[in-house]
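# kindly return the folded structure for what I paste below:
(3 chains)
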Amino acid sequence: MKIKVVFHVNCDDEKTLLIALNNMENLLKNVPADEAAVNLVANGTAVRLFQRERAAQYASRIEGLSGEAVQFSVCNNSLNSLGIKPEDLLESCQVVPAGILEIIRLQAEGCAYVKP
Amino acid sequence: MKIKVVFHVNCDDEKTLLIALNNMENLLKNVPADEAAVNLVANGTAVRLFQRERAAQYASRIEGLSGEAVQFSVCNNSLNSLGIKPEDLLESCQVVPAGILEIIRLQAEGCAYVKP
Amino acid sequence: MKIKVVFHVNCDDEKTLLIALNNMENLLKNVPADEAAVNLVANGTAVRLFQRERAAQYASRIEGLSGEAVQFSVCNNSLNSLGIKPEDLLESCQVVPAGILEIIRLQAEGCAYVKP
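From the prediction side, this is the model:
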């Protein structure tokens, strides 16, 4: 079985993001990266957590996971409403038009949902 | 692909409900209403948020979404245990016998799950 | 339809666990136990809630549910990182190597996900 999952983070709460990073790091210790499709989608105020300036403490963990099959997606609707520019985000992040739609799409493709 | 989703709200926390309303409004800007099956299920203390007296600030948003393919369902088990009468709820809401069972049923029918 | 669900508890917050226990007890009033496959997976700091010493107030409810088709699973990664021994847990709990992996596996097998 291929391991497919989307983690959903929607609040500007660093503690929750760190739980998600722990979860994903543990997961990838248990599953070979090529058998895993791991996604994290951030929307709402959680998009702030991925601003380069803000993320200094955990940026290297995000980069490490990004190098191991994890796709980080940040909601463009949320960026717009908070006045954050895509170029202020960590390079490992892709911007998606609508975070909720991405979460729905991923589940429709067989990803499990986890809310840390 | 038809967009199918259930939003789950289970706490008497207006902020969380407003996030769900935002999510659904954004979603319906991105997807034509006839290609979407959007549900919100409220159980636990969240059922209080749908009392007519309580909902004045956001009732018109719920009515608007209800007119656009969104089904709002409120758990009857929770209404009973909190002593709330179905007739005190916003008219846009349907009462379902058991909120959790509705959430399980919707996912079994292919809805994605989102916890705002 | 067989009712299949996984409840996910990941914080050391008794209130959230009690909501999950209520949800599961209500569910099993509405569905015959032999038509239900109900799971609760605890990871992160939530594993503390299943320590025998800690759980005195609600241990009998967990035992009762465990006798009625509910499977309680506790994450071994989390036990290790918090220095908790499996033998300190309630007897109704099984220890699984990785809680998140169990949640993904259960969803892949058709369980709905509920985050109380």
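
# poorly predicted segments of chain A, please.
A:1 (pLDDT under 70).

# just want the most central residue of it.
Taking Cα atoms, centre = their mean, the centroid of chain A lies closest to A:Leu40, which sits 2.6 Å from it.

# checking that residue next. Helix, strand or coil?
Secondary structure for A:Leu40, judged by DSSP: H, G, I helix; E, B strand; the rest coil, is strand.

# that one touches A:Thr16, doesn't it?
No. Contact criterion Cβ atoms under 8 Å: A:Leu40 and A:Thr16 do not qualify, at 11.2 Å. From N, CA and C alone the C-beta is placed, and that goes for glycine too.

# give me the common contacts of the two.
Common contacts of A:Leu40 and A:Thr16 (Cβ atoms under 8 Å, 6 or more residues apart in numbering or on different chains): A:Val9.

# the biggest helix by length in chain A close to chain B?
Determined from DSSP state H, the single longest helix within chain A is helix A:14-30. No. Under the criterion of Cβ under 8 Å from any Cβ of the partner chain, chain B is not reached by helix A:14-30; the shortest gap measures 12.0 Å.

# using PDB, write out every CA atom in that helix.
Extracted in PDB, the C-alpha atoms of helix A:14-30 (Å, rounded to 0.1, in the frame of the first residue of the first chain):
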ATOM      1  CA  GLU A  14       3.500  27.200  15.900                       C
ATOM      2  CA  LYS A  15       2.900  24.400  18.400                       C
ATOM      3  CA  THR A  16       0.500  22.700  16.000                       C
ATOM      4  CA  LEU A  17       2.900  23.100  13.100                       C
ATOM      5  CA  LEU A  18       5.600  21.500  15.100                       C
ATOM      6  CA  ILE A  19       3.300  18.500  15.900                       C
ATOM      7  CA  ALA A  20       2.700  18.200  12.100                       C
ATOM      8  CA  LEU A  21       6.500  18.200  11.400                       C
ATOM      9  CA  ASN A  22       7.100  15.600  14.100                       C
ATOM     10  CA  ASN A  23       4.300  13.500  12.700                       C
ATOM     11  CA  MET A  24       5.700  13.600   9.200                       C
ATOM     12  CA  GLU A  25       9.300  13.000  10.300                       C
ATOM     13  CA  ASN A  26       8.200   9.900  12.300                       C
ATOM     14  CA  LEU A  27       6.100   8.700   9.400                       C
ATOM     15  CA  LEU A  28       9.000   8.900   7.000                       C
ATOM     16  CA  LYS A  29      11.100   6.900   9.500                       C
ATOM     17  CA  ASN A  30       8.500   4.100   9.200                       C
END
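
# buried ones in that helix, by neighbour count?
Using 16 or more other Cβ atoms under 10 Å in any protein chain shown as the test for burial, helix A:14-30 gives A:Thr16, A:Leu17, A:Ile19, A:Ala20, A:Leu21, A:Asn22, A:Asn23, A:Met24, A:Asn26, A:Leu27, A:Leu28.

# tell me which residues touch the fifth one, please.
Shown here is A:Leu21, whose contacts under the criterion Cβ under 8 Å, 6+ apart are A:Tyr58, A:Arg61, A:Ile62, A:Leu65.

# can you give me the distance of the third one to chain B?
Right, the one you point to is A:Ile62. Plainly put, A:Ile62 is 22 Å away from chain B if you go by Cβ to the nearest Cβ, to the nearest Å.
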